[in-house]
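S.K.: Next comes the sequence, and after it the predicted model I'd like to discuss.
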Amino acid sequence: MNRIIHEKQDMTYLSWSKIRNSSGTAGSFLKAYSMLGGKKTYYKLSNFDQMGGIIGHECVNEIIVDRLLDILGIPHLHYQLIHADVLIAGKTHEVYLCASEDFKQRGESKLALDAYWDIEHQEGESALDFCIRNGWEEYIYQMLVVDFLILNRDRHGANIEVLRNSRKKTIHLAPLFDHGLSLLFNCRDDAAVEAYDVMADKRVNNYIGSGSTWENLKLIPKGKEPQLNPLKESDKAVLLNGLDGIISQVLQDKIWEMIWRRWCAYEDLCHSR
């Protein structure tokens, strides 16, 4: 699959619906879907403002994190970044949107993890303990590492989904998805990017653990750190390939600085135990 489509597509046929902006910043997020050939595809825009148009780069973050998880060897939902014209409230906007296929298999239903915990947890059982009891320990530890590396601000209980097949009597967690509110998503210009402290332990909205991605790393017991493919300095070119003209060079360099320095900090934590 071509992860970035630079040639502009006419996607004015999509119908967009507004969803809550949980980041606390101005604007809103718009989502749409299509059914072609029996296949459901979901689309979303970066942070959108009615007056200013696209004011964010969350869709670009999805592609970068997609590539990062490929490198680390962590299962996840794949995204495409598509250059397109879209129609919103009667006005055409030229954007980069992201697309992903439905991860549900035939016969599966999905439920947010927080809703599933509410139904099935034992008395006094935390969300983390609940996941461990259900055999999802490795998945959760991988997620905690990823969310630290990219400073994911929005891993709320609906951004982890439980997939159930009642006929086959199977239950598992969906591949990791929705990483847009991460990296430097709230920096609107290069000046803000340059001033950003990539190692700052900013408060995040996490369903599992605390509001600190650094403290959440410490929830991983010694000896149970995920066995990941190591990140290398040469991976910068892989993560940022094809993004010239979509985001600035200043932002590209800062995103790499964040990921690389946080990877080094994670390795130091593992080695110090």
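M.R.: That came through fine.
S.K.: Could you tell me how far the spatially most central residue of the chain is located from Lys8?
M.R.: The centre of the chain sits closest to His179, judged by CA atoms, centre = their mean, with a distance of 1.2 Å. Applying CB to CB, to the nearest Å, the value for His179 to Lys8 is 25 Å. All C-beta atoms are positioned from the backbone trio N, CA, C, and that covers glycine.
S.K.: residue boundaries of the helices in the stretch 151-273 of the chain?
M.R.: Secondary structure of the stretch 151-273 of the chain (DSSP state H, counting those that start in this stretch): helices located at 190-195, 213-217, 235-240, 249-272.
S.K.: Tell me who's in contact with the closest residue to Ile82 other than its chain neighbours.
M.R.: On the basis of CB to CB, 6 or more residues apart in numbering, the spatially nearest residue to Ile82 that is not a chain neighbour turns out to be Ile5, at 4.6 Å. By CB atoms under 8 Å, 6 or more residues apart in numbering, Ile5 lies in contact with 80-83.
S.K.: where does Ile5 land in three-state SS?
M.R.: When classified by DSSP: H, G, I helix; E, B strand; the rest coil, Ile5 comes out as strand.
S.K.: Check what pLDDT it gets.
M.R.: At Ile5, the model reports a pLDDT of 97.
S.K.: Please report the distance of it from Val60.
M.R.: Taken as CB to CB, the span from Ile5 to Val60 is 13 Å.
S.K.: Show me the shaky parts of the stretch 1-150 of the chain.
M.R.: 1, 19-27 (pLDDT under 70).
S.K.: Tell me where it has strands.
M.R.: Using DSSP state E, counting those that start in this stretch, the strands of the stretch 1-150 of the chain run over residues 4-10, 17-19, 29-36, 39-44, 48-49, 53-54, 80-88, 91-101, 109-112.
S.K.: and those strands as TSV, adding distance to Ile247?
M.R.: Shown next, in TSV, are these (distance: least, CB to CB, whole Å):
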stretch	distance to Ile247
strand 4-10	12
strand 17-19	23
strand 29-36	18
strand 39-44	17
strand 48-49	17
strand 53-54	12
strand 80-88	11
strand 91-101	9
strand 109-112	31
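S.K.: Give me whichever of those strands is most buried.
M.R.: Comparing the strands of the stretch 1-150 of the chain by mean neighbour count (mean count of other CB atoms under 10 Å), strand 80-88 ranks first with a mean of 19.
S.K.: quick one: that strand to strand 4-10, angle?
M.R.: 20 degrees (axes from the mean of the first three to the mean of the last three CA atoms, to 10 degrees).
S.K.: now what about strand 80-88, what contacts it?
M.R.: By CB under 8 Å, 6+ apart, strand 80-88 touches 1-14, 16, 30, 45, 48, 59-60, 62-63, 92-100, 246.
S.K.: Tell me the gap between that strand and the middle of its chain.
M.R.: Distance of strand 80-88 from the chain centroid (CA atoms, centre = their mean, to the nearest Å) equals 19 Å.
S.K.: Ok, stretch 78-89 next?
M.R.: That offset, for stretch 78-89, works out to 17 Å (CA atoms, centre = their mean).
S.K.: and what of stretch 217-237?
M.R.: Worked out by CA atoms, centre = their mean, stretch 217-237 lies 17 Å from the chain centre.
S.K.: How about that stretch, which residues are buried there?
M.R.: 217, 220, 225-226, 228, 231, 235-236 (16 or more other CB atoms under 10 Å).
S.K.: do stretch 9-16 as well
M.R.: Quick answer for stretch 9-16 (16+ other CB under 10 Å): 11, 14, 16.
S.K.: My guess is the last one contacts Ser28. True?
M.R.: This points to Trp16. No. The pair Trp16 / Ser28 is not scored as a contact, 10.1 Å apart, by CB atoms under 8 Å.
S.K.: hang on, the earlier thing: just send the buried residues of stretch 9-16 back as TSV, with distance to Lys39 too.
M.R.: Converted to TSV, these look like this (distance: CB to CB, whole Å):
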residue	distance to Lys39
Met11	16
Leu14	15
Trp16	20
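S.K.: Stretch 215-234: end-to-end distance?
M.R.: 28 Å (CA to CA, to the nearest Å).
S.K.: got the contact list for it?
M.R.: So stretch 215-234 is contacted by 68, 71-74, 128, 137-138, 141-142, 144-145, 147-148, 201, 206, 208-210, 259-260, 263, 266, 269-270, 273 (CB under 8 Å, 6+ apart).
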